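[1] Pasting the sequence and the predicted coordinates here, then a few questions.
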Amino acid sequence: MNCTKYSSFLIILFVLTFNAKATHLEISEGSDRDICKQIYSKRISIDVNDTKNYGRRADVMKLKKTLDLISETDDKLKWKEGFIQVKGTSKNYKEERVPYLEFDIDNDGNDELVLSFFSWSSQIPGEYYRVLDEKIALDGTQKYIWKDIYSWPGLYSTGNWAYKKHGLYQLEIYPIKVSGTYYLGLIDIYFGSSDSMDRSAVIAKYSDEMISSDSEWDVTSNIEVVCKFMYVK
């Protein structure tokens with residue numbers, strides 16, 4: 001599936017109140033208005049007091065809960081645990097725990113192997129995906145070096161070169177299925193924070209078209225943005 005870019009979005013402003021301050025939730029809609037409306041309508045019906053967290057954490061949890069509520073039940077979206085041997089700059093390999101899924105992430109009719117990795121960038125945590133057409137052994141016997149893993153196609157989160165224009169830096173990623181189509185909820189770690197109003201949450205479709213960075217091995221999906229959520233004062 002190739003990604004379709006949108007040079008402009010229809011901007012709709014809604015008024016919300018959280019943390020006792022009036023804010024605007026700005027929704028930029030792209031290729032699918034229905035899913036955006038579903039997410040918004042369910043999200044505003046969730047009371048922030050449903051969680052034990054406040055501020056940004058409560059905001060992220062509300063959106064995460066909404067994504068879970070609108071997603072169809074699909075056993076393919078239940079994470080499994082795998083292991084590989086990975087070597088960085090040292091001479092020794094180290095066992096790495098790798099959660100994985102097998103589902104049609106790019107909606108092309110074929111399941112892909114989706115591996116989830118944890119990342120750190122400037123002491124900020126994040127998540128990124130590596131997406132493979134072929135299966136690999138995940139029983140702890142397969143050996144790789146990190147540079148090779150970075151070069152695999154997928155959804156990158158460690159660098160902010162790719163999705164900066166979308167308000168996304170370090171990510172939390174939530175795969176969902178709505179009306180038979182797979183989407184990805186991409187939530188910036190600082191989404192909802194009053195100190196980082198430029199950060200967003202994006203509903204996207206994964207594309208197997210890759211974007212390259214200045215690095216020889218950093219690549220990431222040229223995602224199709226379905227809709228984007230941002231808070232503005």
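    Perfect, thanks for sending it. Numbers count the residues shown, from 1 in each chain.

[2] which residues in the chain form helices?
    33-44, 56-70, 146-151 (DSSP state H).

[3] Farthest from the middle of the chain: give me that residue.
    Computed with CA atoms, centre = their mean, the residue of the chain farthest from its C-alpha average is residue 91, at 32.4 Å.

[4] ranking the helices of the chain by burial, who's on top?
    Of these, the one with the most neighbours on average (mean count of other CB atoms under 10 Å) is helix 56-70, at a mean of 19. (Each C-beta comes from the backbone N, C-alpha and C, glycine too.)

[5] just checking, what packs against it?
    In terms of contacts (3 or more CB pairs under 8 Å, 6 or more residues apart in numbering; DSSP states H and E), helix 56-70 is packed against helix 33-44, strand 171-178, strand 181-188.

[6] quick one, it and strand 171-178 angle?
    Angle between the axes of helix 56-70 and strand 171-178 is 20 degrees (criterion: axes from the mean of the first three to the mean of the last three CA atoms, to 10 degrees).

[7] Helix 56-70 to strand 181-188, inter-axis angle?
    180 degrees.

[8] returning to that earlier point: mind putting the helices of the chain in CSV, distance to residue 212 and mean pLDDT included?
    Compiled in CSV, the helices of the chain are given as follows (distance: least, CB to CB, whole Å; pLDDT from 0 to 100):
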stretch, distance to residue 212, mean pLDDT
helix 33-44, 29, 80
helix 56-70, 29, 80
helix 146-151, 10, 87
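
[9] could those go into JSON lines alongside distance to residue 27?
    Output for the helices of the chain, formatted as JSON lines (distance: least, CB to CB, whole Å):
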{"stretch": "helix 33-44", "distance to residue 27": "6"}
{"stretch": "helix 56-70", "distance to residue 27": "12"}
{"stretch": "helix 146-151", "distance to residue 27": "33"}
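
[10] Quick check: which ranges of this structure have low pLDDT?
    Filtered on pLDDT under 70, the chain yields the residue ranges 1-25, 29-33, 47-59, 158-160, 214-217.

[11] so residue 162 sits right up against residue 212, yeah?
    No: using CB atoms under 8 Å, residue 162 makes no contact with residue 212, being 9.5 Å away.

[12] quick one, which of these two is more surrounded?
    residue 162 (23 against 13; other CB atoms under 10 Å).

[13] Any figure for the gap between residue 91 and residue 117?
    Shown here: residue 91 relative to residue 117, a distance of 22 Å by CB to CB, to the nearest Å.

[14] closest to residue 97 out of the helices and strands packed on helix 56-70?
    Nearest to residue 97, of all the helices and strands packed on helix 56-70, is strand 171-178, at 16.7 Å by CB to CB.

[15] strand partners of that closest one, parallel vs antiparallel please.
    Strand 171-178 has its sheet partners listed here by DSSP bridges as strand 181-188 (antiparallel).
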